[in-house]
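1. 3D, please:
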Amino acid sequence: MKKSFIFSFLLILSAANIFSQSGWFWQNPLPQGNDIYDVKIINNNTALAVCEDGILLKTTNSGVNWAYNKNQNAIFYRSIFFYK
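-> Okay, here's the model as predicted:
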């Protein structure tokens with residue numbers, strides 16, 4: 001009984017020094033995890049999206065990669081509209 005208590009105590013004590021790994025990145029859902037409010041497709045390769053918390057997304061390769069830009073203003077957009 002005493003040995004199991006000491007073993008448990010040492011196990012808990014050693015677990016206090018465990019740190020998470022560095023280099024974490026957002027994996028799913030891509031390109032980010034906030035709600036997407038509006039998406040406008042400009043052509044076969046280019047699309048723009050506005051998301052929660054003022055995040056703007058742009059792709060120029062049919063959605064394979066997305067450029068991520070956080071709007072630093074207090075205005076958060078809910079839709080995209082273009083004039084011709």
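2. Surely residue 40 forms part of a strand?
-> Yes: under DSSP: H, G, I helix; E, B strand; the rest coil, residue 40 falls within a strand.
3. quick one: it from residue 80, how far?
-> Per C-beta to C-beta, to the nearest Å, residue 40 is found 4 Å from residue 80. Glycine gets a C-beta too; all of them are placed from N, C-alpha and C.
4. Spit out the residues that contact these two alike.
-> Shared contacts of residue 40 and residue 80, defined by C-beta atoms under 8 Å, 6 or more residues apart in numbering, comprise 48-49.
5. Which parts of the protein are strands?
-> Counting by DSSP state E, the segments of the chain that form strands are 36-41, 47-51, 55-59, 67-70.
6. Who are the packing partners of the last one?
-> Put plainly, it is strand 67-70. Strand 67-70 is packed against strand 55-59, with contacts defined by 3 or more C-beta pairs under 8 Å, 6 or more residues apart in numbering; DSSP states H and E.
7. Give me the sheet partners of the strand it packs on and which way each runs.
-> When pairing is defined by DSSP bridges, strand 55-59 lines up against strand 47-51 (antiparallel), strand 67-70 (antiparallel).
8. just how off-centre is that strand within its chain?
-> Taking C-alpha atoms, centre = their mean, to the nearest Å, one finds the center of strand 55-59 at 12 Å from the center of the full chain.
9. Check the gap between the closest residue to residue 71 other than its chain neighbours and residue 68 for me.
-> Nearest residue to residue 71, sequence neighbours excluded (C-beta to C-beta, 6 or more residues apart in numbering): residue 54, at 3.4 Å. Counting by C-beta to C-beta, the separation of residue 54 from residue 68 is 11 Å.
10. Show me which of these two is the more surrounded one.
-> Neighbour totals were compared for residue 54 and residue 68, and residue 54 leads with 16 against 13 (other C-beta atoms under 10 Å).
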